[in-house]
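In: Pasted the sequence and its predicted model underneath.
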Amino acid sequence: MSERETDVADTAGEAGGMGEAGVMGEADTGGETGVAEVGAAGEPGSADVARGVTRRAQGGPLGAGVDEGGFITLDGVEKVFQVRRRTGLLRSERREVRAVDGISFRVARGEVVGYIGPNGAGKSTTIKMLTGILTPSGGRLRVAGIDPSRERTRLAHRIGVVFGQRTTLWWDLPLRDSYRLMHRMYRIPDRRYRENLDRCVELLDLGELLEVPVRQLSLGQRMRGDIAAALLHDPEVLYLDEPTIGLDVVSKVKVRQFLKDLNAERGTTVLLTTHDLTDIEQLCSRVMVIDHGRLMYDGSLAGLHEVGESERMLVVDLERELPPIRLESEGADGRPPVRVVKVEGPRQWLAFPAAASAAPLVARIAAGYPLVDLSVREPDIEAVIARMYESAP
Amino acid sequence: MVEDVARADGPGTGTAAVDGGGGRASGEAVVAAEVFPFPFPERRRLLEGVRAYGLIMAMWVRSTMAYRASFAMTVFGDFAVTAFDFVTILLMFSHVDALGGYSLPEIALLYGLSATAFGLCDLLLGSMDRVGRRVRDGTMDTLLVRPVPVLAQVAADRFALRRVGRITQGLLVLGYALVTLDIAWTPLKVLMLPTMVVSGAAIFGAVFVAGAAFQFVAQDASEVQNSFTYGGTTLLQYPPTIFAKDLVRGVTFVVPLAFVSWLPALYVLGREYPVGLPQWVAFLPPLVAAGCWGLAGLAWRTGLRSYRSTGS
Amino acid sequence: MRLYAVVAAGGFRRYATYRTATAAGVFTNTVFGFIVAYTYTALWDARPRLGGYDASEALTYVWLGQALLMACAMMGGGFEDELVERIRTGDVAVDLYRPVDLQLWWLAGDLGRAAFHLLGRGVVPMVLGALAFDLALPGSPWTWAAFLGSVFLGVVVSFAVRYLVALSAFWLMDGVGAMRIVSLAGLFFSGMLLPLNLFPGLLGEVARALPWSSLLQVPADVFLGKHTGWGLVEAYAFQGGWAVVLLVAGRLVQTAATRRVVVQGG
């Protein structure tokens, strides 16, 4: 996280050691999450989705519009832990911790939802209840019509789970052996298994890894292997806990592309927790923010930016050194207020509201200035969430 | 109705699974399960569990074979460490002719039975003391999202073929005892030997399962389990006459380890049990084993339920 | 020197955090203490004064064994698993470049661990044993002090052996097998299963001369007052001699291992 924070700070401040880089995109890949291509960034920004979003009051049942029978349904789900804390040599204090405090939402079949929030906010507790690992202390919860805690093994056939840092693959055996176990354990019909495996191997680029013992795989290769293992039985829902954490850039791109295809072609519902804004931006049509066990926000990413009043940064490289870009104000037709925050040689930094689309802005700059290259920097997700809390009533 | 569900299930349902366990892949199976919820749930779960155990066990055996040299060394190690127990008894008998009124071959019979039964159980369930560790490091969760019983997965966890070393050693001592002992064999007594080993393994197994269940509550307490299992088998290797009566009563009535070897073996040897009990008690081991498993299963369920409500 | 004191204190604290595990371990030590105590009682009933011990001395030996099992790491189970793991993963290269002495560093940590195990795992079983059986406890505080000195030397010998074996992981890919064999030797030749005095003939003589007898047999005999005056000096010299020889051997192997790491480029 800190890496991205410094990135943003760099851009805003005067430091910035990137002046020497010719091609923006290349220079910035190191920043991983800070950069997004314009096209991709434009999509969630294009704002009819964003308009529809209103910030929901803390917790509470969601309004109408999403009520039509969700595939995943939570109604006032709670999870209360009794925590014992040692206060003296022999004394201990019992305290109630409401890890999940009355959460309600619906996810339709085929949605890709990002589930985000600070550590300890209740994310993984929710996932554990959705997968049947934990029994809720209150409320109603259904996944594909099944009560996860009561019919855990039946549900297991219909869901896939990838725990970010805990591999379920067999350490000392070739990757293929782990898949064979899934084949038998889930009783996947032979033809189905072969098709799914072939598909995963092709799209996740596992071909040369199948005969390699898992202990020799890199983190990124192992994650791809884990994702494939979770999908061989055709789950209708895929839960991913930090699927890109610690991965190299190439692996991240592969994993994201694969998940996108999976959702598009199979209609697999995906629920993922992540700290990586790019994951959300490139995959999720919808974001849920949870904190202190309550749902703080449910809507599009752009809407989240709107709520958080955050700004994105457009970094442009011009042909030569020019005075700060000035775009004529064209009246109050909703055009974003753009301001140049920094100039460094031919490179200029322009801040604009994160909820707005970058595309018209770029078009207008390109029309009036000799544009060489450009990139869009996303605001840090944690900063957005923090600002959201600040502005909360 | 069936078709409706199948269609609603979305892409992929057309190629319905052949077997009923296929879950989502077959809309029909889902419907069937809803209309006739689990015809014989317990029996089916048991079979599922045994099958899953076999699958996971096979994986561990293959994993072990990735390090053949280490495997050979550890098989030897397991053989040797248990052999030391008998070497100790041999060393004792280099100074005495009888211990607690029992000759070396008689003690060898007790030892062989207890070591073989325990070895069998240790081979099949030996890594159940890892439950606490799994709870602590969070890997228990990965077992809970699989469509097979958790108990089977935990039981097969880290299946270690090297533990055949222990069984081999037990069987060797048992063989020595049977060759040197002068027993008036009857068909009943002959039949009792394999029964004792199997029921004994089952009784130890129940202790393993109950101990594993306890680790859901106290994650660092795997050693408590060891005092009942490893301690139990050490205890049973000696004749009951040398122990305090209260201790003997304890392992007869509280943790019924005496049914593993002492009670039935003393019948075979034609000896008195130091705590007065009718002779037919010698034939109870299978029933005791079943009872223990009932209780252990209950304990396991309670433990797992508490884990699923507390997450720790 | 201060540094190593801190490391030792760290070793102590590290094991002290596992309260449940310690309680469970005490329970196990006590259970085994009872079982073995009854077998020894049967043995000494048949042969009083066997091995030069009377019945109550034999029982004392049993409980001393349970009390020292962890402290002297007779079956292993201290730092060595971690060291082997660091060697296997190559992390040890980092340790070798630290401005501390590798052997002293691990020794200090292991002494801290031993101190905790002596208190946490040793005292309670010993007390319970003394309550349940008639033990031969020394009357003189000097004997207690001499015993603690002998235990200290036993821990050092135990450390030196395990350090030497752990370093073999530099050459063997998988150190587990070697560690296992050594833990077996420790179990058998320390006198944990049966006092070494009871081992017959040549086996007994060899067993008593091996370093492992420093772990239990020698401290127990000091406790039981079998070594006093010059005898005590001899016992210390035996333990100290093994400690020096094994520590020096460990140092030589460490030097060779360091060269190997440097040659391989870390």
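Out: Cool, got the structure. Numbers count the residues shown, from 1 in each chain, chains lettered A, B, ... in the order given.

In: Just give me the longest helix of chain B.
Out: helix B:187-217 (DSSP state H).

In: Other residues contacting the following helix or strand past that one?
Out: The helix or strand immediately downstream of helix B:187-217 is helix B:222-236, counting by DSSP states H and E. Applying Cβ atoms under 8 Å, 6 or more residues apart in numbering or on different chains, the contact partners of helix B:222-236 are B:85, B:110, B:113-115, B:118, B:121-122, B:128-133, B:204, B:207-208, B:211-212, B:214-215, B:218, B:243, B:251, B:255, B:257-258, B:260-262, C:21, C:24-25, C:27-28, C:31-32, C:35-36. Where C-beta positions appear, they are placed from N, C-alpha and C, glycine not excepted.

In: Tell me how far the closest residue in space to residue A:346 that isn't next to it in sequence lies from chain B.
Out: Once flanking residues are discounted, residue A:346 sits nearest to residue A:318: 4.7 Å by Cβ to Cβ, 6 or more residues apart in numbering or on different chains. Look at residue A:318 and chain B: by Cβ to the nearest Cβ, to the nearest Å, they are 49 Å apart.

In: Contact partners for residue A:318?
Out: A:346, A:347, A:348, A:369, A:370, A:371, A:372.

In: is it in a bridge, and if so with what?
Out: residue A:371 (DSSP bridges).

In: Distance check, it against chain C.
Out: 48 Å.

In: what mean pLDDT would you report for the one helix or strand residue B:54 maps to?
Out: Using DSSP H and E, residue B:54 sits in helix B:41-64. What helix B:41-64 shows for mean pLDDT is 89.

In: try stretch C:190-202
Out: Mean pLDDT, computed over stretch C:190-202, is 94.

In: of all the contacts of residue A:318, which comes closest to residue A:236?
Out: Lowest distance from residue A:236 to the contacts of residue A:318 (Cβ to Cβ) belongs to residue A:371, with 45.4 Å.

In: secondary structure class for residue 83?
Out: Using chain A. Here residue A:83 is recorded as strand under DSSP: H, G, I helix; E, B strand; the rest coil.

In: before we move on, back to that, filter the contacts of helix B:222-236 to the buried ones?
Out: B:85, B:110, B:113-115, B:118, B:121-122, B:128-133, B:204, B:207-208, B:211-212, B:214-215, B:243, B:251, B:257-258, B:260-262, C:21, C:24-25, C:27-28, C:31-32, C:35-36 (16 or more other Cβ atoms under 10 Å in any protein chain shown).

In: Please report how far the residue nearest the centre of chain A lies from residue A:124.
Out: Nearest residue to the geometric centre of chain A (Cα atoms, centre = their mean): residue A:280, 3.0 Å. Using Cβ to Cβ, to the nearest Å, we find residue A:280 at a distance of 17 Å from residue A:124.

In: what's the burial count for residue C:77?
Out: Neighbours of residue C:77 under the rule other Cβ atoms under 10 Å in any protein chain shown: 16.

In: Ok, residue C:14 next?
Out: When counting by other Cβ under 10 Å, one arrives at 13 neighbours for residue C:14.

In: Ok, residue B:294 next?
Out: Counted with other Cβ under 10 Å, residue B:294 comes out at 11.

In: and it, what helix or strand is that in?
Out: helix B:285-310.

In: quick one on the thing from earlier: what distance separates the helix or strand just after the helix holding residue B:54 from the centre of its chain?
Out: Counting by DSSP H and E, the next helix or strand C-terminal to helix B:41-64 is helix B:68-93. Centroid separation for helix B:68-93 versus its chain: 21 Å, with Cα atoms, centre = their mean, to the nearest Å.

In: what's helix B:68-93 packed up against?
Out: With contacts taken as 3 or more Cβ pairs under 8 Å, 6 or more residues apart in numbering or on different chains; DSSP states H and E, helix B:68-93 sits against helix B:104-125, helix B:164-180, helix C:176-189.

In: so of the ones you listed, which one's packed in deepest?
Out: Of all the helices and strands packed on helix B:68-93, helix B:104-125 carries the top mean neighbour count, a mean of 25, counting by mean count of other Cβ atoms under 10 Å in any protein chain shown.

In: Could you list the domains of chain B?
Out: Per the record, chain B has its domains at B:1-37, B:38-305, by automatic domain parsing.

In: Now tabulate those in CSV and tack on distance to residue C:57.
Out: Formatted as CSV, those follow (distance: least, Cβ to Cβ, whole Å):
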stretch, distance to residue C:57
domain B:1-37, 64
domain B:38-305, 16
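
In: So for residue C:17, which of the ones you listed sits nearest?
Out: It's domain B:38-305; of the domains of chain B, that one is closest to residue C:17 (Cβ to Cβ) at 10.1 Å.

In: Mind listing what's buried along stretch B:84-94?
Out: Using 16+ other Cβ under 10 Å as the test for burial, stretch B:84-94 gives B:84, B:85, B:86, B:88, B:89, B:91, B:92, B:93.
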